[in-house]
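**Student:** Model the structure of this input:
(one chain, ligands or ions: 1)
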Amino acid sequence: MPSVSEDKGEDAGQRFLVDLMLMRLGRWLRLLGQDVAPPKGKSDAELLLQAKEECRTIITRDKGLFLAAPGTGASCLLIRSSKISDQLSEMAEAGVALRLDPRRCTLCNGRLEEMKTSGTKRWQCSTCKKLYWEGAHWKKMDSMLQAVRSLREKNALPSDSER
Ligand SMILES: [Zn+2]
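**Tutor:** Model (predicted):
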């Protein structure tokens, strides 16, 4: 068993904090291996404080919050779309890799531990004990990510006028 006392450094990327409007995106980001905390409070001030205390980047659709962040020393990412696939695309723009990477529990952000079983890969949340495995739901999420990735690649191609 690997022993990690410090809860930092072995995640896929930055540490994030989602506001209440983006909890769904937060669950998706956890599926991608990102450390995404739920908000402790509802107000902008509480979010900004939590971001600074826990060294997290706030993800929000609230422009007011986004504009207030620099003045308080908290980092903040503004999401423009209300559609989950476009929101994921915006996160890819910010450097998050769009592939399933089971490290974090989608419900509680607890760390996942791989279970030693034969056959299907399984993981269990070390905090709430929820089980994860590569089943039908997994494949559905994987194909959704593939769709977002191929759309991004298509959009990155030069326009037709160059042919
Ligand atoms: Zn959990």
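**Student:** ok, now how distant is residue 125 from the ion?
**Tutor:** 3 Å (C-beta to the ion, to the nearest Å). C-beta coordinates here come from the backbone N, C-alpha and C atoms, glycine included.
**Student:** Next, the contact list for the residue nearest to that residue when sequence neighbours are not counted, please.
**Tutor:** Nearest residue to residue 125 in three dimensions, chain neighbours excluded: residue 105, at 3.7 Å (C-beta to C-beta, 6 or more residues apart in numbering). Going by C-beta atoms under 8 Å, 6 or more residues apart in numbering, residue 105 touches 30, 111-112, 125, 127-128, 130, 132.
**Student:** In strands only, show me those residues.
**Tutor:** 112, 125, 132 (DSSP state E).
**Student:** returning to that earlier point: could you dump the contacts of residue 105 into TSV and include distance to residue 151, pLDDT and neighbour count?
**Tutor:** What follows is these, written out as TSV (distance: C-beta to C-beta, whole Å; pLDDT from 0 to 100; neighbours: other C-beta atoms under 10 Å):
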residue	distance to residue 151	pLDDT	neighbour count
30	22	97	24
111	31	97	18
112	28	96	22
125	31	97	19
127	34	97	13
128	33	98	11
130	30	96	14
132	26	93	20
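**Student:** Could you list the contact residues of the protein toward the ion?
**Tutor:** Contact residues (C-beta under 5 Å from the ion) of the chain with the ion: 105, 107-108, 110, 125, 127-128, 130.
**Student:** And for the closest residue to residue 75 other than its chain neighbours, the neighbour number?
**Tutor:** Excluding its sequence neighbours, the residue lying closest to residue 75 (C-beta to C-beta, 6+ apart) is residue 57, at 4.6 Å. Using other C-beta atoms under 10 Å, residue 57 has 17 neighbouring residues.
**Student:** same thing with the one 10 residues further on?
**Tutor:** Close neighbours of residue 67, defined as other C-beta under 10 Å, add up to 11.
**Student:** so after the helix or strand hosting it, what's the next helix or strand?
**Tutor:** Per DSSP states H and E, residue 67 falls inside helix 63-72. The helix or strand immediately downstream of helix 63-72 is strand 75-78, counting by DSSP H and E.
**Student:** Please compute how far that following strand lies from its chain's middle.
**Tutor:** Centre-to-centre, strand 75-78 and its host chain are 13 Å apart (C-alpha atoms, centre = their mean, to the nearest Å).
**Student:** got a list of contacts for that strand?
**Tutor:** So strand 75-78 is contacted by 16, 51, 57-61, 63, 65-66, 69-70, 94 (C-beta under 8 Å, 6+ apart).
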